[in-house]
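Student: Any chance you can model this:
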Amino acid sequence: MTTWIVNIAGLVLIGLIVGWFWLYRPKAQRAAGAQPIEILVADGVYTPSRIEVAAGKPVTLRFLRRDPSPCAEKALFDGLGVSVDLPVGKPRDVAVTPPQPGEYEFTCQMRMYRGKLIAR
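Tutor: Residues are numbered from 1 along each chain as shown. Below is the predicted model of the structure:
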């Protein structure tokens, strides 16, 4: 009987891990008008990490870095050719224009912080 309980608990735990790390997608925040979208850089994540914008239109992202880790020093938009330094404790505005619909990833230089700009 104990073996069954342990096996079932193990399968439930595996399901939770798969759901959290591979299947979970946070809800995307939509850009509203000309207001900058604020992105908090802290605790190893960008918040929000998914941002929906209109393709072909400029959008301003306002990064606020609270994490003093060297990993969080830069934000890289490889698909858009943008790289910016993020000072600790000071907001940094970044203007980007996704040229066509698609997903544009932004990361730190070590690719540990990850976010997506979703152009529709």
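Student: Check the secondary structure at the closest residue to Cys108 other than its chain neighbours for me.
Tutor: Excluding the flanking residues, the one nearest Cys108 by C-beta to C-beta, 6 or more residues apart in numbering is Cys71, at 5.0 Å. Where C-beta positions appear, they are placed from N, C-alpha and C, glycine not excepted. Three-state assignment for Cys71 (DSSP: H, G, I helix; E, B strand; the rest coil): helix.
Student: Isn't Cys71 up against Tyr113?
Tutor: Yes - using C-beta atoms under 8 Å, Cys71 is in contact with Tyr113, at 6.9 Å.
Student: Identify the residues contacting the residue nearest to Cys108.
Tutor: 108-110, 112-113 (C-beta atoms under 8 Å, 6 or more residues apart in numbering).
Student: which residues do Cys71 and Tyr113 both contact?
Tutor: With C-beta under 8 Å, 6+ apart, Cys71 and Tyr113 have no common neighbours.
Student: which is the next helix or strand following the helix or strand of the chain with the lowest mean pLDDT?
Tutor: Using mean pLDDT, DSSP states H and E, the weakest-scoring helix or strand in the chain turns out to be strand 29-30, at a mean of 66. Next helix or strand after strand 29-30 toward the C-terminus (DSSP states H and E): strand 37-42.
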